[in-house]
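Chemist: only geometry, no sequence info:
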Ligand code: SF4
């Protein structure tokens, strides 16, 4: 799996993504059933509210080799403060529409 990871820009000041990398490294949580190596080909943010830049950024990471776009849990679950992104579903839908069925989307990390 070649991962392009997208995180919430608003959350950068309170989380450096440590748990995201840990669960990928240890194949836990959203990655528990992954067979083979997990390679992170890039990490970016949504670009800030309302998250529209996540679409072009996801496409950019696919162009650079990602076969799976992962939305970090700060977006869909609101970790670490329990404040999920109000645009998470729209962001996910727009990414899916732009990238088509060939690219997988995982909507959380842990
Ligand atoms: S759009 Fe959502 S994910 Fe992006 S900065 Fe705003 S709250 Fe965070």
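Modeler: Right, received. Where do you want to start? Keep in mind that what you see is a predicted model, and the values were worked out from it rather than measured. Numbers count the residues shown, from 1 in each chain.
Chemist: Find the nearest non-adjacent residue to the residue most central in space within the chain, please.
Modeler: The centroid of the chain falls nearest to residue 71 when counting by Cα atoms, centre = their mean (2.2 Å). Leaving out its chain neighbours, the residue that sits closest to residue 71 by Cβ to Cβ, 6 or more residues apart in numbering is residue 107, at 5.0 Å. Placement of C-beta: from N, CA and C, glycine included.
Chemist: Thought residue 74 was touching that neighbour, still the case?
Modeler: No - in this structure, residue 107 is not within contact of residue 74 by Cβ atoms under 8 Å, at 11.8 Å.
Chemist: Neighbour count: the two, which is higher?
Modeler: Comparing residue 107 with residue 74 by other Cβ atoms under 10 Å, the one with more neighbours is residue 74, at 30 against 18.
Chemist: tell me the secondary structure for residue 24?
Modeler: helix (DSSP: H, G, I helix; E, B strand; the rest coil).
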